[in-house]
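Asker: with the sequence up front, the predicted model follows.
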Amino acid sequence: MAKKGDIRLAIVGVGNCASTLIQGVSYYRQSHETVGLMHEQIGDLGVSDIHFACAFDVDRRKIGRRLKDAIFARPNNSARFCKKIDDDGAKVFAGPVADGLAAHLEQFDENRRAVLDEQSRSVSLAQVVKTLKQSGATILVNYLPVGSQKGTELYATACLEAGVAMVNCIPVFIASEKRWATKFKQAGLPIVGDDIKSQFGATITHRVLMKLAQRRGFKIDSSYQLNVGGNTDFLNMLEKSRLSSKKVSKTEAVTSQVPMEAGNIHIGPSDYVPLLGDKKVCYVRMNMRGFGGLPMELDMKLQVEDSPNSAGVVVDAVRCAALARRAGIGGALAEVSAALMKRPIRQMIDDDAADAMDAWIAKVGR
């Protein structure tokens with residue numbers, strides 16, 4: 001059970017990412033394992049100090065259930081790697097629909113899309129704020145679908161009114177926008193964002209390879225990154241109108257390391273392949289010139305379990321937000337966001353960002 005001073009998380013969107021985060025917290029509590037963690041401790045906080053206060057969703061198969069059970073309801077299809085999920089007493093509440101459901105999802109059967117609960121059509125901001133306060137939540141993790149601008153802004157507002165810090169895992173720009181960052185700073189509440197970097201995913205690998213080539217004297221003429229997957233994230237992104245911020249986030253994350261002209265780089269989700277389940281397959285191509293102007297080509301394929309690759313970063317983002325909250329630090333956490341997010345308020349070289357985050361932890365976590 002949670003103790004006074006522990007981290008109490010509210011989760012928005014009980015999908016695959018929430019499932020692997022919740023499973024992972026139980027796994028590390030029970031096994032005392034450290035493999036898979038970037039930081040065993042952040043200040044005095046371990047993964048076992050994370051507890052779950054409440055969750056919000058719009059799917060009738062999840063609302064009203066214990067969070068530990070709701071994470072295995074359809075359409076979730078992430079790997080089940082923890083047999084016994086600890087029960088923190090958190091329940092799933094109806095959240096507002098806003099723009100969280102793409103219209104094209106109605107084409108797909110109920111095993112692949114959310115089944116809208118009628119309660120969610122009438123949930124207000126005031127109800128979300130009330131639930132956050134009553135649950136004792138200290139940090140909210142946003143896992144809404146890509147393209148949920150209105151929904152993300154609603155939950156950001158709820159955080160401000162309820163006195164809750166925020167970790168924004170999706171490419172809706174809150175922490176990286178001065179207007180929102182200022183609001184969180186004035187409220188004395190930390191925010192980490194935007195758009196989570198996978199622990200070892202397409203974007204971080206692409207960034208490192210491009211920077212390595214540049215440091216070794218190569219000129220990168222063009223490059224692309226294509227991603228396919230079979231989870232609800234990729235299904236949601238079939239609606240191209242929801243992808244604009246995602247493409248900005250992923251492209252900026254790479255070109256911030258090696259500047260390139262817009263016409264010479266393409267990065268973005270490519271297709272939904274149901275048989276892949278929660279696996280994501282990434283293809284990276286780099287066309288380069290080296291010594292004597294001679295050409296070199298790089299083709300790389302990376303296949304990962306998509307959602308756990310996110311959860312390994314979220315456990316660090318959450319604990320950093322908790323440290324900042326305890327220290328009374330409000331606003332966007334620049335060093336933490338640069339290390340863990342694709343679109344931080346200030347981009348940094350990966351090694352520099354990691355070092356800056358560690359220095360920040362050492363300072364704030366004393």
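Answerer: That came through, no problem.
Asker: the helices in the protein, which residues?
Answerer: In chain order, the chain shows helices spanning 16-31, 67-70, 125-135, 149-162, 178-186, 202-215, 232-236, 244-255, 306-327, 334-340, 350-364, with DSSP state H as the criterion.
Asker: most packed of these?
Answerer: Scoring these by mean neighbour count under mean count of other Cβ atoms under 10 Å gives helix 334-340 as the most buried, with a mean of 26. (Glycine included, C-beta is placed from N, CA and C.)
Asker: residue nearest the middle of this protein, spatially speaking?
Answerer: Cys169 (2.8 Å; Cα atoms, centre = their mean).
Asker: doesn't Ile196 make contact with that residue?
Answerer: Yes: between Cys169 and Ile196 a contact is recorded at 4.2 Å, counting by Cβ atoms under 8 Å.
Asker: which of the helices of the chain has the lowest mean pLDDT?
Answerer: Lowest mean pLDDT within the helices of the chain: helix 244-255, a mean of 90.
Asker: what angle sits between it and helix 202-215?
Answerer: Using axes from the mean of the first three to the mean of the last three Cα atoms, to 10 degrees, one finds that helix 244-255 and helix 202-215 are set 30 degrees apart in direction.
Asker: report the angle between helix 244-255 and helix 149-162.
Answerer: For the pair helix 244-255 and helix 149-162, the angle between their directions (the same axes, to 10 degrees) equals 80 degrees.
Asker: tell me which other helices or strands helix 244-255 touches.
Answerer: Of the remaining helices and strands, those touching helix 244-255 by 3 or more Cβ pairs under 8 Å, 6 or more residues apart in numbering; DSSP states H and E are helix 202-215, strand 219-229, strand 265-272.
Asker: nearest to Gln149, of these?
Answerer: strand 265-272 (17.5 Å; Cβ to Cβ).
Asker: who does that closest one pair up with?
Answerer: strand 219-229 (parallel) (DSSP bridges).
Asker: how about the nearest residue to Arg343, chain neighbours excluded?
Answerer: Leaving aside its sequence neighbours, Arg343 sits nearest to Ser249 (Cβ to Cβ, 6 or more residues apart in numbering; 4.2 Å).
Asker: pretty sure that neighbour contacts Pro344?
Answerer: No: applying Cβ under 8 Å, one finds Ser249 not in contact with Pro344, separated by 10.1 Å.
Asker: overlap in contacts, these two.
Answerer: When contacts are counted by Cβ atoms under 8 Å, 6 or more residues apart in numbering, Ser249 and Pro344 are jointly contacted by Asp194.
Asker: from Ala73, how far out is the residue nearest to the centre of the chain?
Answerer: Taking Cβ to Cβ, to the nearest Å as the measure, Cys169 falls 20 Å from Ala73.
Asker: could I get the full set of strands for the stretch 51-200 of the chain?
Answerer: For the stretch 51-200 of the chain, the strands defined by DSSP state E, counting those that start in this stretch cover 92-94, 139-142, 165-168, 190-192.
Asker: hmm, back to that, quick one: common contacting residues for Cys169 and Ile196?
Answerer: By Cβ under 8 Å, 6+ apart, Cys169 and Ile196 have these common neighbours: 310, 314, 317.
Asker: let me have the residues you listed in CSV, extended by distance to Leu340.
Answerer: Written out in CSV, the entries for the shared contacts of Cys169 and Ile196 read as follows (distance: Cβ to Cβ, whole Å):
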residue, distance to Leu340
Ser310, 10
Val314, 8
Ala317, 5
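Asker: ok, the closest residue to Arg366 other than its chain neighbours - contacts?
Answerer: For Arg366, ignoring the flanking residues on the chain, the nearest one in space by Cβ to Cβ, 6+ apart is Gly43 at 7.9 Å. Applying Cβ under 8 Å, 6+ apart, one finds that Gly43 lies in contact with 319, 323, 361, 364-366.
Asker: these two touch, right, Val129 and Glu161?
Answerer: Yes: here Val129 lies in contact with Glu161, judged by Cβ under 8 Å, at a distance of 4.8 Å.
Asker: before we move on, back to that, which phi and psi values does the residue nearest to the centre of the chain adopt?
Answerer: Backbone torsions for Cys169, taken as degrees, to the nearest 10, come to phi -90, psi 0.
Asker: Ala79 now?
Answerer: For Ala79, the backbone dihedrals are phi -60, psi 140 (criterion: degrees, to the nearest 10).
Asker: what number of residues lie near the nearest residue to it once chain neighbours are set aside?
Answerer: Closest residue to Ala79 apart from its sequence neighbours, by Cβ to Cβ, 6+ apart: Glu305 at 5.7 Å. Other residues within reach of Glu305 by the criterion other Cβ atoms under 10 Å amount to 18.
Asker: what mean pLDDT does stretch 77-92 get?
Answerer: The average pLDDT for stretch 77-92 rounds to 97.
Asker: now do it: distance from first to last residue.
Answerer: Criterion Cα to Cα, to the nearest Å; first-to-last residue distance in stretch 77-92 is 18 Å.
Asker: sort out which residues of that stretch are buried, please.
Answerer: Residues of stretch 77-92 classed as buried: 77-79, 82, 85-86, 88, 90-92 (neighbour count, 16 or more other Cβ atoms under 10 Å).
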